[in-house]
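Chemist: Structure of the sequence below:
(4 chains)
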Number of protein chains: 2
Amino acid sequence: MDLENAKAQMRKGVLEMCVLAVVAERETYPPEIIERLEGASLPMKEGTLYPLLVRLKSDGLVDYVWREGIKGPPRKYFTITAEGRAFLGELAASWRELVSAVDRTLALPASRQGQPPGEPPPLLHIEPQRPPDDERS
Amino acid sequence: MDLENAKAQMRKGVLEMCVLAVVAERETYPPEIIERLEGASLPMKEGTLYPLLVRLKSDGLVDYVWREGIKGPPRKYFTITAEGRAFLGELAASWRELVSAVDRTLALPASRQGQPPGEPPPLLHIEPQRPPDDERS
DNA sequence: ACAAGTACTTTGTTTTGCAAGGTACTCGTT
DNA sequence: AACGAGTACCTTGCAAAACAAAGTACTTGT
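Modeler: From the prediction side, this is the model:
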């Protein structure tokens, strides 16, 4: 069963936007970002997040400072830049467009559940699973 | 600017579901599937669709028959199977979950636009862009 | 000292969409 | 008959991205 795989695939495209959104909320460091995304049912792994943050940084969408804590190693605290905030706005708009496009598409079969095709193709029926007379290639 | 890239990334995860939804609506053949998805602002290329249909077929989610037309080469007409319809239902449910998870995440920074962080981290501030005292690795 | 904990980083694998190119069939024209 | 155009299906090689897993480095507690 690869429902899980399909769900993961759907998540992939939105992770960048979601990370940007989490950083936009307030300054954070990577483990906290992961924690918050998991809390929102959007699991993300270290090996995904760190390279993504590098990309966001080099695109000028986020910035960071090193901060030393009471204990443990220093952390990279990320903030969103003005450019990043603008880009997030565009991403969110694209996201909403996608959602409505997909919902429109999903609505189609719902209204036809179990019905015969509305317009049977005006074509001859050949026996299934076999090209008419030749193995193409 | 890679907004287009980001949009493409977001689309990726849902193409499988959308193709399944289009096939679920009624029997079709690949060029028509592409046409309908494009009509729904969900562009998809041949090189993406054909391998995807092979995958769906070998997973038992769709089936096809060869049909010969009045003109042109024969076409593979695809239909959704019972299993495919069930799977589409699960995909759609996962999709809705994802949408609400993402919308929840996007809502966060909206309520804080341009405000200072609500809870300044209780940590010492180090000068930016530099690890405290060592080049790690 | 040494183990454990935390944070950041890197490497290699897998998946997937896509551009580009290829094959095969039909039809209309010459 | 031959040929070019149109249509449909398929394949190959590449690029982007998520992830598993392993690695480095600093701090703290024993």
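
Chemist: A:Leu88 reaches A:Leu20, doesn't it?
Modeler: Yes - the criterion here is Cβ atoms under 8 Å, and A:Leu88 meets it with A:Leu20 at 4.8 Å. From N, CA and C alone the C-beta is placed, and that goes for glycine too.

Chemist: any shared contact partners between those two?
Modeler: Residues touching both A:Leu88 and A:Leu20 (Cβ atoms under 8 Å, 6 or more residues apart in numbering or on different chains): A:61, A:80.

Chemist: can you tell me the helix or strand for the closest residue to DNA strand D within chain A?
Modeler: Going by Cβ to the nearest atom of the strand, DNA strand D is nearest to A:Gly47 of chain A, at 2.7 Å. Using DSSP states H and E, A:Gly47 sits within helix A:46-58.

Chemist: Heading C-terminal from that helix, find the next helix or strand.
Modeler: That would be, after helix A:46-58 and using DSSP H and E, strand A:62-68.

Chemist: can I get the CA coordinates of the very next helix or strand once past that next one in CSV?
Modeler: The helix or strand immediately downstream of strand A:62-68 is strand A:75-80, counting by DSSP H and E. Presented in CSV, the C-alpha positions along strand A:75-80 are these (Å, rounded to 0.1, in the frame of the first residue of the first chain):
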residue,chain,number,x,y,z
ARG,A,75,22.1,27.6,17.5
LYS,A,76,21.4,29.2,14.2
TYR,A,77,18.4,31.4,14.7
PHE,A,78,16.5,32.1,11.5
THR,A,79,14.4,35.1,10.6
ILE,A,80,12.5,35.9,7.5
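
Chemist: is any part of strand A:75-80 close to chain B?
Modeler: Yes - Strand A:75-80 lies within reach of chain B by Cβ under 8 Å from any Cβ of the partner chain, at A:75, A:77, A:80.

Chemist: where does the helix or strand where A:Arg104 lies sit relative to the chain's centre, distance-wise?
Modeler: If you go by DSSP H and E, A:Arg104 is part of helix A:82-110. Counting by Cα atoms, centre = their mean, to the nearest Å, helix A:82-110 is centred 11 Å from the centre of its parent chain.

Chemist: Okay, and the beta partners of the residue lying closest to A:Thr81 once chain neighbours are set aside?
Modeler: Nearest residue to A:Thr81, sequence neighbours excluded (Cβ to Cβ, 6 or more residues apart in numbering or on different chains): A:Asp63, at 5.5 Å. On the basis of DSSP bridges, A:Asp63 is bridged to A:Thr79.

Chemist: What count of nearby residues applies to A:Asp63?
Modeler: 18 (other Cβ atoms under 10 Å in any protein chain shown).

Chemist: A:Glu68 too?
Modeler: For A:Glu68, using other Cβ under 10 Å, the count is 16.

Chemist: Likewise for A:Lys76?
Modeler: For A:Lys76, the neighbour count with other Cβ under 10 Å is 15.

Chemist: so it touches A:Pro31, yeah?
Modeler: No - counting by Cβ under 8 Å, A:Lys76 does not reach A:Pro31; the two are 10.5 Å apart.

Chemist: picking up where we left off before, from B:Glu97, how far off is the residue nearest to A:Thr81?
Modeler: A:Asp63 sits 32 Å away from B:Glu97, going by Cβ to Cβ, to the nearest Å.

Chemist: rewinding a little: show me which residues of the helix holding A:Gly47 are buried.
Modeler: For helix A:46-58, a neighbour-count test (16 or more other Cβ atoms under 10 Å in any protein chain shown) marks A:49, A:52-53, A:56-57 as buried.
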